[in-house]
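Visitor: Just need the structure, nothing else, for what follows:
(2 chains)
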Amino acid sequence: QQQVKQSPQSLIVQKGGISIINCAYENTAFDYFPWYQQFPGKGPALLIAIRPDVSEKKEGRFTISFNKSAKQFSLHIMDSQPGDSATYFCAATVNQGGKLIFGQGTELSVKP
Amino acid sequence: ETGVTQSPTHLIKTRGQQVTLRCSSQSGHNTVSWYQQALGQGPQFIFQYYREEENGRGNFPPRFSGLQFPNYSSELNVNALELDDSALYLCASSLGGFGTDTQYFGPGTRLTVL
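Guide: This next block holds a predicted model:
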């Protein structure tokens, strides 16, 4: 019940396209859902986060869509750029500062 | 850059040895969490310290231990190293106080156990 399942494992998108990464969870106590971006040799960096009281959050080209009843959330990257090529992790936690449960990661490659 | 630093960057040990990894949190951050990231996997929570006290632990054996110091630095100690301990070890700092914090990750220490 503590798992967060992420798909796809890898994704190739053309420059300017939309990248979509999906996550699903079981624990209904989760109340904070961040997305992290990780470049090779670096630690994960917070990209955008959402709480379950809203269905969508947008920051620039990045949008989280949240479906509480389905226990699913997704990251959409609009106008994908080669610089977006990285590994993306969804995560969930009970209380924002508590332990983060991460998905398995999606390796995104944006082709020029 | 998050302001969270870790040392060393890379480390090679042999099975059975002990290792200490270090983390320096952002100034003012009272909470530090440690994660283990195996190759191709998401980070796994090891434990969290808040104001020098352990404040939650993941599914890791007691040979994984930690310390947090008043100067915003912390340590992760691993005894009796096993081959499966080879991973990237990440620390993340946050201000402290549930419900308010974003965790900021350091670049990690790559541990290889031979």
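
Visitor: Does stretch A:42-52 reach chain B?
Guide: Yes: Stretch A:42-52 is in contact with chain B by CB under 8 Å from any CB of the partner chain, via A:42-46, A:49. For every residue, glycine as well, the C-beta is placed using N, CA and C.

Visitor: so of the residues you listed, which ones are in strands?
Guide: The members of the residues of stretch A:42-52 next to chain B that map onto strands under DSSP state E are A:45-46, A:49.

Visitor: So which of the residues of stretch A:42-52 next to chain B is the closest to chain B?
Guide: Proximity of the residues of stretch A:42-52 next to chain B to chain B was ranked by CB to the nearest CB; the top entry is A:Gly43 with 3.4 Å.

Visitor: Would you enumerate the residues in contact with the closest residue in space to that closest one that isn't next to it in sequence?
Guide: Taking CB to CB, 6 or more residues apart in numbering or on different chains as the measure, A:Gly43 lies nearest to B:Phe105, with 3.4 Å between them; neighbours along the chain are not counted. For B:Phe105, the contacting residues are A:36, A:43-45, B:2, B:4, B:35, B:90-92, by CB atoms under 8 Å, 6 or more residues apart in numbering or on different chains.

Visitor: now do B:Gly3
Guide: Residues counted as contacts of B:Gly3 (CB under 8 Å, 6+ apart) are B:26-27, B:104.

Visitor: among the residues you listed, which are in reach of chain A?
Guide: Applying CB under 8 Å from any CB to the contacts of B:Gly3, one finds that B:Tyr104 fall near chain A.

Visitor: Please pick the buried ones from the contacts of B:Gly3.
Guide: When neighbours are counted using 16 or more other CB atoms under 10 Å in any protein chain shown, these contain these buried positions: B:26, B:104.

Visitor: thinking again about what came up before, what sits opposite the residue nearest to A:Gly43 in the beta ladder?
Guide: Taking DSSP bridges, one finds B:Ala92 as the beta-bridge partners of B:Phe105.

Visitor: Look up the pLDDT of it for me, please.
Guide: Reported pLDDT at B:Phe105 in the predicted model: 93.

Visitor: confidence score at B:Arg15?
Guide: 97.

Visitor: OK, contacts around it?
Guide: B:Arg15 sits next to B:81-83, B:113-114 when contact means CB under 8 Å, 6+ apart.

Visitor: number of nearby residues for the closest residue to B:Arg110 other than its chain neighbours?
Guide: Taking CB to CB, 6+ apart as the measure, B:Arg110 lies nearest to B:His10, with 4.7 Å between them; neighbours along the chain are not counted. Other residues near B:His10 come to 10 when the count uses other CB atoms under 10 Å in any protein chain shown.

Visitor: wait, isn't B:His10 in contact with B:Thr109?
Guide: Yes: counting by CB atoms under 8 Å, B:His10 does reach B:Thr109; the two are 7.2 Å apart.

Visitor: so where does the residue nearest to A:Asp84 when sequence neighbours are not counted fall, helix or strand?
Guide: Once its chain neighbours are removed from consideration, A:Asp84 has its nearest residue in A:Val110; the separation is 5.2 Å (CB to CB, 6+ apart). When secondary structure is defined using DSSP states H and E, the element that contains A:Val110 is strand A:106-111.
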